[in-house]
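> Okay, sequence plus prediction incoming.
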Amino acid sequence: MVIKNVELEMVCGVTSKVPENLLPEIAFAGKSNVGKSSLINALMNRKSLARTSSQPGKTQTINFYKINNDMYLVDLPGYGFAKVPESEKAKWGKMIERYLHRSKQLKAVFLLVDIRHKPSANDQTMYEWIVHQGYRPIIIATKLDKLKRSQVQKCVKEVREGLGLKADDMLIPFSAETKQGREEIWQIMDALVGWTEPDGSDDGRKGTA
């Protein structure tokens, strides 16, 4: 599918109701500074659709990006940051839980983890939490470009073992710098929402940068 239009259509805070969308939704979760905004920008071929920041906890709302009037990419708040009061973390946790539990159009959840490190306790908790909500997370191991090629296989194994993934659970190494992994992610998203080109092929969602 060619990306013709992307817009941030809805922003939901801790007191907002979960919108009753009619279009399919695919959600992205991950701890703060794992590269979620950079991933979204890379997927959309945009430079600043989602705001990137070195400040943990920048995303404090659930952001719904509408793509071509065909689907929503849903950016969930980051987790695991130290400088936010526990009361705020609890509110955001309830907000995410409410969304995962109540969304009628959510097709899948992608969980981002940093490929350079073993999954943290927060990563493990989030993974188990998503599973508990009835979804089988697809793992995106970010910051691939920070590794030497010889390190990748070992780090992928550590992520899989750290999260307790099964052999057929999907894990995609990804780099926002080189865009490696981008097409694999889109292929999965295409299959989830039923997108195909007229000739049966997929031309890579060539949006404008």
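Nice, thanks for sending it over. Numbers count the residues shown, from 1 in each chain.

> quick one: contacts for the closest residue to Leu22 other than its chain neighbours?
Spatial nearest neighbour of Leu22, chain neighbours left out: Gln105 (7.1 Å); criterion: CB to CB, 6 or more residues apart in numbering. C-beta: built from backbone N, CA, C; applies to glycine. Gln105 makes contact with Asn21, Leu22, Leu23, Pro24, Glu25, Tyr72, according to CB atoms under 8 Å, 6 or more residues apart in numbering.

> List buried residues within the residues you listed.
Asn21, Pro24, Glu25, Tyr72 (16 or more other CB atoms under 10 Å).

> Which ones among the contacts of Gln105 lie within strands?
Counted as lying in strands by DSSP state E, out of the contacts of Gln105, are Glu25, Tyr72.

> Any chance of the contacts of Gln105 in JSON lines with distance to Glu97 and pLDDT as columns?
Converted to JSON lines, the contacts of Gln105 look like this (distance: CB to CB, whole Å; pLDDT from 0 to 100):
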{"residue": "Asn21", "distance to Glu97": "18", "pLDDT": "93"}
{"residue": "Leu22", "distance to Glu97": "23", "pLDDT": "94"}
{"residue": "Leu23", "distance to Glu97": "22", "pLDDT": "95"}
{"residue": "Pro24", "distance to Glu97": "21", "pLDDT": "96"}
{"residue": "Glu25", "distance to Glu97": "16", "pLDDT": "97"}
{"residue": "Tyr72", "distance to Glu97": "19", "pLDDT": "96"}
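
> Just give me the closest of the contacts of Gln105 to Asn63.
Tyr72 (9.6 Å; CB to CB).

> Quick check: bridge partners of the closest one?
Glu25, Lys66 (DSSP bridges).

> Which neighbouring residues are in contact with the residue nearest in space to the middle of the chain, exactly?
Most central in the chain under CA atoms, centre = their mean is Phe28, positioned 2.2 Å from the mean C-alpha point. Neighbour list for Phe28: Lys36, Leu39, Ile40, Leu73, Val74, Asp75, Leu76, Val109, Phe110, Leu112, Ile140 [criterion: CB under 8 Å, 6+ apart].

> wait, is it part of a helix?
No - with DSSP: H, G, I helix; E, B strand; the rest coil as the criterion, Phe28 is located in strand rather than a helix.
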